[in-house]
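sequence isn't available, so here's the structure alone:
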């Protein structure tokens, strides 16, 4: 039987996806078990794959296959169907990405891949020795290459906006400022209120590593983990990655003196993985196609933050789970003790360990700084002092060294400029989706002032997952993040639900002291 143009395009995309999966597998290994001495060879491996992937994504054969599939769809004498509409959306997104790739010089693609691998290795060494100067040349190189990438793409956007598009389609700095300005205004006031009412005491106890692993596995088991398709490992910086339609990996890390760091990082990354597992793969049919991919990284972060903060940091979860912590050595006498410990609401230096109040300011600092590095002539060597000054001004804390400061995140070592706002957008999206979820649960007979909390209290988190599966995960890339929020909630994205959530939580927490 003669293959249709659509089938031929699907086979081509499948092979491209296989190459991409190999690339991701090497990345996973690099972060979890690769010896540091292998970095140079790994850089060559990844550079070769990046070159091959780029060649496939802008080849004449690929362009012909897309055009053939479009002509085939347009000549079919059938009424419009959801499937045909989805096929047309897939082609539109493929053409968009192909056009972007064709504008890029293959030499630049290879240089970027090598610079990312080198940057990651230098970042690890610099972080271990508290020396930003070791990493500065690699960062300068990555900034230069990303600026050149934006120049070659030649879009009607700023450099930063161009680089942000793969993470947040259609995002502009103007829209970002509209969404974030209320947070700039209100969060410092709320932090001051919390600081005046609560004191953050350093932990004088810790879990053993074996206990932390046990607690993480228990959490994932309660949240429906299928060990046949998932894997949990350790890495310097927690992340989640999909290597195949039945291969979902996530990592966590153990931080001495931070007993909940590993647990909450696992909850966060599991939220990412649940989203990946819920995307419209349709028996793997869309796995290699754009519609099988995440709507945006802001939506991705909304899912991880929902499970980390709305669920794992909730009072309902502490009331149900605290005795498991006690069995492993936590000095709690009640669920309230556990809830307070998991929600210190006091500013610190580290983004990943940050509480919900101060987290947004961590993101605003990073966003402002990377825009300044890319398009406002901030010198790389001035980054540590600029970082420290902003932390002292906004959060009232000062890093003692570079590792506590501008070296703490992996993102810039990989040239991932434009990603950081997705974390804060994720908070906004999560809060707005949670309001809709609560309304739906109430309509289904969940009688409580906090329907989500009631489900958590009863150990029915899978009911929450079911709502996310039916309302959020299925969209894939049919829409952008703001369109998804509008579709699900009936309202445009705004910061108000997030600020309302924080104010409610702050008032309840402070009343317990």
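Sure, I can see it. Owing to the predicted nature of the structure, the values given are computational and were not obtained by experimental measurement.

okay, now the nearest residue to residue 375 once chain neighbours are set aside: neighbour count?
Leaving aside its sequence neighbours, residue 375 sits nearest to residue 159 (C-beta to C-beta, 6 or more residues apart in numbering; 4.7 Å). In short, each C-beta sits where N, CA and C put it, glycine included. Neighbours of residue 159 under the rule other C-beta atoms under 10 Å: 23.

tell me the pLDDT of residue 159.
In this model, residue 159 is scored at 98, pLDDT.

likewise residue 80?
So, for residue 80, pLDDT stands at 65.

tell me the secondary structure for residue 243?
Following DSSP: H, G, I helix; E, B strand; the rest coil, we place residue 243 in the strand state.

next one: it from residue 17, what distance?
The gap separating residue 243 from residue 17 is 11 Å, by C-beta to C-beta, to the nearest Å.

identify the residues contacting residue 170.
By C-beta atoms under 8 Å, 6 or more residues apart in numbering, the contact set of residue 170 is 480, 482.

mind listing the strands for the chain?
Applying DSSP state E to the chain gives strands spanning 230-234, 240-244, 247-252.

closest to residue 52 out of those?
strand 240-244 (17.5 Å; C-beta to C-beta).

which elements pack onto that closest one?
Applying 3 or more C-beta pairs under 8 Å, 6 or more residues apart in numbering; DSSP states H and E, one finds that strand 240-244 contacts helix 5-32, strand 247-252, helix 261-278.

deepest of those, which one?
A comparison of the helices and strands packed on strand 240-244 by mean neighbour count, using mean count of other C-beta atoms under 10 Å, puts helix 261-278 on top with a mean of 24.

picking that back up, and the residue nearest to residue 375, what is it in contact with?
Neighbour list for residue 159: 146, 147, 150, 151, 374, 375 [criterion: C-beta under 8 Å, 6+ apart].

now the buried members of the residues you listed.
Among the contacts of residue 159, the ones that count as buried by 16 or more other C-beta atoms under 10 Å are 146, 147, 150, 374.

in space, what's closest to the second one - neighbours in sequence excluded?
I take that to be residue 147. Nearest to residue 147 is residue 159, by C-beta to C-beta, 6+ apart, at 5.8 Å.

residues contacting residue 467?
437, 440, 441.

isn't the first one right next to residue 464, touching?
Just to be clear, that refers to residue 437. Yes: counting by C-beta atoms under 8 Å, residue 464 is a contact partner of residue 437 at 6.8 Å.

shared neighbours of those two, anything?
Common neighbours of residue 437 and residue 464 (criterion: C-beta under 8 Å, 6+ apart): residue 452.

closest to residue 502 out of the buried ones among the contacts of residue 159?
Nearest to residue 502 among the buried ones among the contacts of residue 159, with distances taken as C-beta to C-beta, is residue 374, at 30.1 Å.

ok, residue 391 to residue 404 distance?
As judged by C-beta to C-beta, residue 391 and residue 404 stand 9 Å apart.

the two: who's more crowded?
Taking other C-beta under 10 Å, residue 391 and residue 404 do not tie; residue 391 has more neighbours (22 against 18).

show me the contacts for the more buried one.
When contacts are counted by C-beta under 8 Å, 6+ apart, residue 391 touches 349, 365, 397, 398, 399, 405.

the same query, at a cut-off of 7 Å, please.
Residues counted as contacts of residue 391 (C-beta atoms under 7 Å, 6 or more residues apart in numbering) are 365, 397, 398, 399.

pretty sure the second one is touching residue 346, no?
Meaning residue 397. No: at 9.6 Å, residue 397 and residue 346 do not qualify as touching, with contact defined as C-beta atoms under 7 Å.

so what's residue 179 closest to, chain neighbours aside?
residue 495 (5.8 Å).

and for the one you found, the neighbour number?
Residue 495 has 24 nearby residues by other C-beta under 10 Å.

so it versus residue 502, what's the distance?
From residue 495 across to residue 502, the span is 10 Å (C-beta to C-beta).

what about residue 437 and residue 464, which has more around it?
Legend: neighbour count by other C-beta under 10 Å for residue 437 and residue 464, higher for residue 437 (24 against 21).

check what pLDDT the residue lying closest to that one once chain neighbours are set aside gets.
Spatial nearest neighbour of residue 437, chain neighbours left out: residue 467 (5.3 Å); criterion: C-beta to C-beta, 6+ apart. pLDDT, residue 467: 97.

now do residue 76
Residue 76 is given a pLDDT of 74.

mind listing which of the buried ones among the contacts of residue 159 are in helices?
If you go by DSSP state H, the buried ones among the contacts of residue 159 have 146, 147, 150, 374 in helices.

which residue sits closest to residue 176, ignoring its sequence neighbours?
Using C-beta to C-beta, 6+ apart and skipping residues adjacent in sequence, the residue nearest residue 176 is residue 421, 5.8 Å away.

for the one you found, give me its contacts.
168, 176, 363, 367.

where does the stretch 251-400 of the chain dip in pLDDT?
281-286 (pLDDT under 70).

the helices in it, which residues?
Applying DSSP state H, counting those that start in this stretch to the stretch 251-400 of the chain gives helices spanning 261-278, 297-305, 315-327, 335-342, 356-375, 383-395.

and these as TSV, adding distance to residue 135?
Formatted as TSV, the helices of the stretch 251-400 of the chain follow (distance: least, C-beta to C-beta, whole Å):
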stretch	distance to residue 135
helix 261-278	23
helix 297-305	24
helix 315-327	37
helix 335-342	33
helix 356-375	13
helix 383-395	10
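
which one of these is the most hemmed in?
When those are compared using mean count of other C-beta under 10 Å, helix 297-305 is most buried, at a mean of 27.

the inter-axis angle of that helix versus helix 261-278?
Helix 297-305 runs at 130 degrees relative to helix 261-278, counting by axes from the mean of the first three to the mean of the last three C-alpha atoms, to 10 degrees.

neighbouring contacts of helix 297-305?
167-168, 268-269, 271-272, 274-275, 294, 419, 422-423, 425-427, 429-430, 433, 468, 481, 484.

run the chain-centre distance for it.
Centroid separation between helix 297-305 and its chain, computed with C-alpha atoms, centre = their mean, to the nearest Å, is 6 Å.

what of stretch 366-374?
For stretch 366-374, the distance to the chain centre is 18 Å (C-alpha atoms, centre = their mean).

can you tell me how far the residue nearest to residue 25 when sequence neighbours are not counted is from residue 250?
Leaving aside its sequence neighbours, residue 25 sits nearest to residue 243 (C-beta to C-beta, 6+ apart; 5.4 Å). Separation of residue 243 from residue 250 (C-beta to C-beta): 11 Å.

how about residue 230?
Residue 230 is 7 Å from residue 250, by C-beta to C-beta.

find residues that contact each of these two.
residue 273.

where does the stretch 51-200 of the chain have low pLDDT?
Applying pLDDT under 70 to the stretch 51-200 of the chain picks out residues 77-81, 197-200.

just the helices from it, written as ranges.
60-75, 82-102, 106-129, 132-153, 159-164, 173-197.

which of the ones you listed is buried the deepest?
Among the helices of the stretch 51-200 of the chain, helix 159-164 has the highest mean neighbour count (mean count of other C-beta under 10 Å), at a mean of 24.
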